[in-house]
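S.K.: I would like the atomic coordinates for the input below:
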Amino acid sequence: MKRETSISRRSLLVGTACAALGALTGCTAPEPTAAEPQPELILRYAENQPEDYPTTKAALAFAEMVAQRTDGRVKVVVYSGGELGAELSVIEQMQFGGIDFARVSLSQLAGLLENLSVLQLPYLYEDAKQMWRVLDGNIGDGFLSTLENVDLVGLSWFDAGVRSFYTREKAATLVDLQGKVIRVQESDMMSEMVSDMGAVPVQVVYSQVYAALHNGRIDGAENNWPSYEAMGHYEVAPYFLKNEHTRVPEIQIASRAALEKLAGLDSSFPGIVRGCARDSANVERRLWAEREAQAEEDMRAWGVEVTTLSEAEMQKFRAAVRPMYERFAEQAELIRQIQEA
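M.R.: This is a model prediction of the structure:
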């Protein structure tokens, strides 16, 4: 179901309640006021996560900011839970102006713009702070601007956490992963990474991972703490190898048509919306950090056995994926700039 933020709807409910209870409680209905201005432009935002997820909450914050900063002239309606389609379908609709805003994974956009693939390299960053220094700076702005080449507008970066392995039987080292069948996303880069580490990658639909772990079709998978908890994978794969191989961000985007409609209404509105996108990204990052920390705490309390790698063992993981960097020799200077940021 679509989720709308509407002050007028809440006011109507309060007024109706007061009218119904007035005779019994003495509640007086509020004095009539001038009608709230109706939006002159209604735009649609696609989000494939449920309403309580950090990215959806940030989308709703974005919608609220846009309404406030345009004095109610622009309304953004957020459709959560994949109501407007899967991410790839959403992107295609946006290219033709059918959907106005969305939050999508980097891997989907990298299929359209190969230059984005460099941001999916394993162990590209030392930690989250370094990633945000890169993405919030000139390098990140440059990547966002390249979306114009596929008729999209890059607005801001969302956090999607750091990914690690988890398995049915304990795996505490790189050697322990050898030959294990590991589920990966539908991404050639993720398959290559797992192969370089000596495991066997298998692309399994996300909704079927639990069953694949349960029946032994796969030995493990990789994901972030919130997903590991939310999908119940810890029940069938209770060993978590905290190797933190990738930090892949997500992107908040707009259609060109949406920016043109905004500019037609008021020349200042495209800039206002861009500012709302940046501010809502900060909301998402805070919510994500809270969700990620809580999920890890919950999983440890449940009894998941967590292995944290020594620096020597971590270096073995980094060394295993060096061949992937050789594929990006033409972007060696960019990679150097990212790693030194």
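S.K.: now the strands for the stretch 51-200 of the chain?
M.R.: The residue ranges that make up the strands of the stretch 51-200 of the chain, judged by DSSP state E, counting those that start in this stretch, are 74-79, 101-105, 152-158, 162-167, 181-184, 200-203.
S.K.: direction included, what does the second one pair up with?
M.R.: The strands that strand 101-105 pairs with in its sheet are strand 41-46 (parallel), strand 250-255 (antiparallel) (by DSSP bridges).
S.K.: to residue 142, which of those lies closest?
M.R.: When these are compared by Cβ to Cβ, strand 250-255 sits nearest residue 142, at 13.3 Å. For every residue, glycine as well, the C-beta is placed using N, CA and C.
S.K.: quick one on the thing from earlier: any chance of the strands of the stretch 51-200 of the chain in a markdown table, with mean neighbour count and distance to residue 224 too?
M.R.: Formatted as a markdown table, the strands of the stretch 51-200 of the chain follow (neighbours: other Cβ atoms under 10 Å; distance: least, Cβ to Cβ, whole Å):
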| stretch | mean neighbour count | distance to residue 224 |
| --- | --- | --- |
| strand 74-79 | 22 | 23 |
| strand 101-105 | 24 | 12 |
| strand 152-158 | 24 | 13 |
| strand 162-167 | 23 | 5 |
| strand 181-184 | 22 | 14 |
| strand 200-203 | 16 | 18 |
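S.K.: just so I know, which of those lies nearest residue 122?
M.R.: Distances from residue 122 to each of these were compared using Cβ to Cβ; the shortest belongs to strand 162-167, at 9.1 Å.
S.K.: mean confidence for that closest one?
M.R.: When the per-residue pLDDT values of strand 162-167 are averaged, the result is 97.
S.K.: and that strand, what does it pack against?
M.R.: strand 220-223, strand 239-247 (3 or more Cβ pairs under 8 Å, 6 or more residues apart in numbering; DSSP states H and E).
S.K.: residue 127: which of these is closest?
M.R.: Closest approach to residue 127 among those is made by strand 239-247 (8.3 Å; Cβ to Cβ).
S.K.: gap between residue 259 and residue 222?
M.R.: Look at residue 259 and residue 222: by Cβ to Cβ, to the nearest Å, they are 36 Å apart.
S.K.: got it, and residue 167?
M.R.: Here residue 167 is placed at a distance of 10 Å from residue 222 (Cβ to Cβ).
S.K.: do residue 96 as well
M.R.: Taking Cβ to Cβ as the measure, residue 96 and residue 222 are separated by 34 Å.
S.K.: with neighbour numbers in mind, choose between these two.
M.R.: Regarding residue 96 and residue 222, a neighbour count based on other Cβ atoms under 10 Å identifies residue 222 as having more, with 24 against 11.
S.K.: partners of the more buried one in the sheet?
M.R.: Partner residues in beta bridges with residue 222: residue 165, with DSSP bridges as the criterion.
S.K.: which helix runs longest in this structure?
M.R.: Selection of the longest helix in the chain by residue count, based on DSSP state H, yields helix 269-302.
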